[in-house]
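can't give you the sequence, but here's the structure:
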């Protein structure tokens, strides 16, 4: 997607399709293509996606979606795959923002994970 300048904006486990033939990403309903020389702050797309997988900057202002916010979403998905739980479980968007601010991203890696998985 990055190679083709596409920002998905709704990466989550249910949008990743895995089969014996490979892995595909589905549901491009919120996706957009970045035009040449366009910066994330110039994109005027409304907030979209599943809050538990959204990057903090997207949660806060809803407009700064970029390939970096897709990378955040992938990080949340990988964390959930490794631990069986979300890194920032919250009941609503406001609580999620507060939780990310309070805990920070460096303190959520569980001690029981091997060094290799960290």
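Everything's here; your move. Quick caveat, the model's predicted, so the values are computed rather than measured. Residues are numbered from 1 along each chain as shown.

Was I right to think residue 55 contacts residue 75?
No. Counting by CB atoms under 8 Å, residue 55 stays clear of residue 75, with 9.1 Å between them. Placement of C-beta: from N, CA and C, glycine included.

contacting residues for residue 22?
By CB atoms under 8 Å, 6 or more residues apart in numbering, no residues touch residue 22.

Please read off the pLDDT at residue 114 from the model.
Listed pLDDT for residue 114 reads 65.

Show me the shaky parts of the protein.
1-3, 38-48, 62-64, 105-118 (pLDDT under 70).

Neighbour count for residue 55 and residue 75, which is higher?
When residue 55 is set against residue 75 and neighbours are counted by other CB atoms under 10 Å, the residue ahead is residue 55, at 21 against 15.

list the contacts for the more buried one?
65, 68, 69, 72, 73.

Out of these, who's the most crowded?
Across the contacts of residue 55, the neighbour count under other CB under 10 Å reaches its highest value at residue 65, namely 28 neighbours.

sec struct for that one, please.
Under DSSP: H, G, I helix; E, B strand; the rest coil, residue 65 falls in the coil class.

gap between residue 35 and residue 19?
33 Å (CB to CB, to the nearest Å).

Enumerate every residue touching residue 4.
Contact analysis of residue 4 by CB under 8 Å, 6+ apart lists residue 33.
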